[in-house]
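> fold the stuff below for me.
(chains A and B)
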Amino acid sequence: MKADRTLLILGIVLLAVVGAGPLLPQWALFLATIAIAKGLVALGLLLQLRAGLVSFGQALYYCLGAYTAGSLGRFFDIGDMLLQMLAGALVAAFIAFVLGFLLARYRGIFFGLLSLALSMILYGLLVKSQALGSTDGINILPSTLFGIRPNQESVRHVVLVAGCAVAFLATLLVNRYLDTPLGQLAAAIKDNEIRVEYMGASVREAIHAKYVIAAALSGIGGALAATTVGHIDPDMAYWTTSGEFIFITILAGTRSVIAPFLGAAIFGIIHTVAYDISPNTWQMTLGIALLMVIVFLPDGLWSLFGRRRAA
Amino acid sequence: MEQILAVIVDGIIYSSWLFVAAIGLTLIYGVMKIVNITHGSFYALGAYAAASFTGAWLARGYPPMLSYVVLLASAVVITLAFAPLIERGILRFMYARDEVVILLITYALFLILEDVIKLIWGVDPYFIAEPYGLLGSFEFGELSYPTYNLILVGIAIVSGAGLTLLLRGTRTGKLLRTVIHDPELSRAMGINVDRYYLVTFTFGSMLAAVGGAFTAPTVSVVPGIGVEIVVLSFAVIVIGGMGSLPGAALGAVIVGLVRSAAIHYAPAVELFVIYFVMALVLVVRPRGLFSLAEPRKI
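From the prediction side, this is the model:
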């Protein structure tokens, strides 16, 4: 029943976005696509957060996805957005699979700090790598889809639709995964790991799996952001980027797989509006919003919907 | 040989800077178990306050030799203006929450303070180079270094040694160690734990501000100056073991020497090595090089 509703809401949103696309101004399309890209990363954080893990280095995989997309264009002349997202997911997932053997042993603050260190390592490497443009970053090839290059007016809409479709698929899969026994272990792990082990499940393997899935989602998000913005730079791996993702995840809460996308949209809106009204205080607005949510809505904005439904 | 000497001297100077920046962070974590991102904000506040107070001091034509006292004083004043407010006003209500939640709160405060700084000082850069050149330079082998750098080394030694003596040798230090060990029992024994938290937070933040204030003459003070220091300080205290003073010193020396060696021999890996060492330590000894065994709590 719950899964059906998620599917329904997502489907409606997807159709609405695809349908309304041509009517929306370019900047709104841009904002929506970026929200989806960041929402995907936040969805990955949600998976980990449900098991009680907070990664302060999720930007590692976001940046990996983006640079994979960038390298495809730079070295292989491939600009297809679906290929970019697929490659971003695969590269991120592979690296996460390797690093996961390490990270799955860590909890709490140490999990966060090690993931922070790893993302800063990537930042340190990218800043000094001439082949990938060092601090300036590199430009992404103009987006194409199935070998066709959309014209200037429709390209944003095409990217948005492709991004929506991929995000829709990914979210459905994550939703399915959360309903499987392996997915449902998350709450148990957060509660009491020893009990989980006694029941015969491996906490380490469960966390490893979540870590890889989260990385793949972030890789897709990074590639999508890259093709949307058209330019990438090492700041995508910096700790402030990871902070942004945590912000989005906490803002929306972890109760539903849709929440991260809502959070990313709200983040984008706060950012844009606050920046427009007063360019020097948009961070303050974000900070105050985060503080309010932590204090008054510990389960995030999504809990507002939950309460209404329960009443 | 020449180059090895240069690596060591540069490394020591850089280590001192790192140590001053990070020691407050480790103190706050050690006592309050707060992973405090606002540390970077206090570093920035210190730098900005130093830039405007010292700038005004010098512009009025007061004795330039006293500008070092002004640097220190501005760090103290600006911390007293913000740190108690943050601890009493917000953080103390959160101590019961999870470590990670408190971290997020300090992140939110960090975002807010970033813009508070912009509101007070604007977005244009500040320069106060005079204290940097005032002391001339000293020769080391065939290399010449600004004498100003020795001040940072001095501050690092004084603050490290001072804090260690305070913790080990005084009544206050003993009580503070009790608070670290078991805040609840300390409270029951009549120790004013709240006051210790307030003082620790203020003092730890003040050390960050002092670090910022004495860095201000060597750089241009711009928005975002505190962003990098947060993650560098984390690297330092993670390497040594969070909450350990000798650990912070060791971490600072390791990061300082590794980075200065990288700059001299392999500039391409300058940033990378710092975090590589951090990751390596986390992998081998997650609680840091100076950590003690901790009983497992179920």
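> OK, contacts around B:Ser15?
B:Ala156, B:Ala252, B:Val253, B:Val255, B:Gly256, B:Leu257 (C-beta atoms under 8 Å, 6 or more residues apart in numbering or on different chains). The C-beta positions use only the backbone N, C-alpha and C, and glycine is treated the same way.
> got the residues of chain A near chain B?
Within chain A, the residues that sit near chain B (C-beta under 8 Å from any C-beta of the partner chain) are A:54, A:102, A:106, A:108-110, A:112-114, A:116-118, A:120-121, A:123-125, A:127-129, A:194, A:239-240, A:243, A:246-247, A:250, A:280-284, A:286-288, A:290-291, A:294, A:298.
> which of these are buried, as a PyMOL select command?
Buried members of the residues of chain A next to chain B, identified by 16 or more other C-beta atoms under 10 Å in any protein chain shown, are gathered into one PyMOL selection as follows:
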select buried, chain A and resi 54+106+109+110+112+113+114+116+117+118+120+121+123+124+125+127+128+239+240+243+246+247+250+280+281+282+283+284+286+287+288+290+291+294
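> just the ones of the residues of chain A next to chain B in helices?
Counting by DSSP state H, these place A:102, A:108-110, A:112-114, A:116-118, A:120-121, A:123-125, A:127-128, A:194, A:239-240, A:243, A:246-247, A:250, A:282-284, A:286-288, A:290-291, A:294 in helices.
> what packs against the helix of greatest length in chain A?
Longest helix of chain A, by residue count under DSSP H: helix A:203-229. Packing partners of helix A:203-229 (3 or more C-beta pairs under 8 Å, 6 or more residues apart in numbering or on different chains; DSSP states H and E): helix A:26-50, helix A:59-76, helix A:81-103, helix A:155-179, helix A:181-191, helix A:193-198.
> quick one: which of the ones you listed is nearest B:Leu245?
Among these, the nearest to B:Leu245 by C-beta to C-beta is helix A:81-103 (28.4 Å).
> which strands and helices sit next to that closest one?
For helix A:81-103, the packing partners by 3+ C-beta pairs under 8 Å, 6+ apart are helix A:59-76, helix A:108-128, helix A:155-179, helix A:203-229.
> hey, least reliable of those helices by pLDDT?
Comparing mean pLDDT over these, the weakest stretch is helix A:155-179, at a mean of 81.
> and the angle for that helix with helix A:81-103?
Helix A:155-179 runs at 40 degrees relative to helix A:81-103, counting by axes from the mean of the first three to the mean of the last three C-alpha atoms, to 10 degrees.
> show me where pLDDT drops low in the chain?
No chain specified, so I'll use chain A. A:1-4, A:21, A:141, A:143, A:147-148, A:150, A:152-153, A:306-311 (pLDDT under 70).
> wrong one, I was asking about chain B
For chain B (pLDDT under 70), the answer is B:291-298.
> spell out which residues of the stretch 101-250 of chain B are next to chain A.
When proximity is defined by C-beta under 8 Å from any C-beta, the stretch 101-250 of chain B lies next to chain A at B:101, B:103-105, B:107-112, B:114-116, B:118-119, B:123, B:227, B:230-231, B:234-235, B:238.
> try it again with 7 Å
B:101, B:104-105, B:107-109, B:111-112, B:114-116, B:118-119, B:123, B:227, B:231, B:234, B:238 (C-beta under 7 Å from any C-beta of the partner chain).
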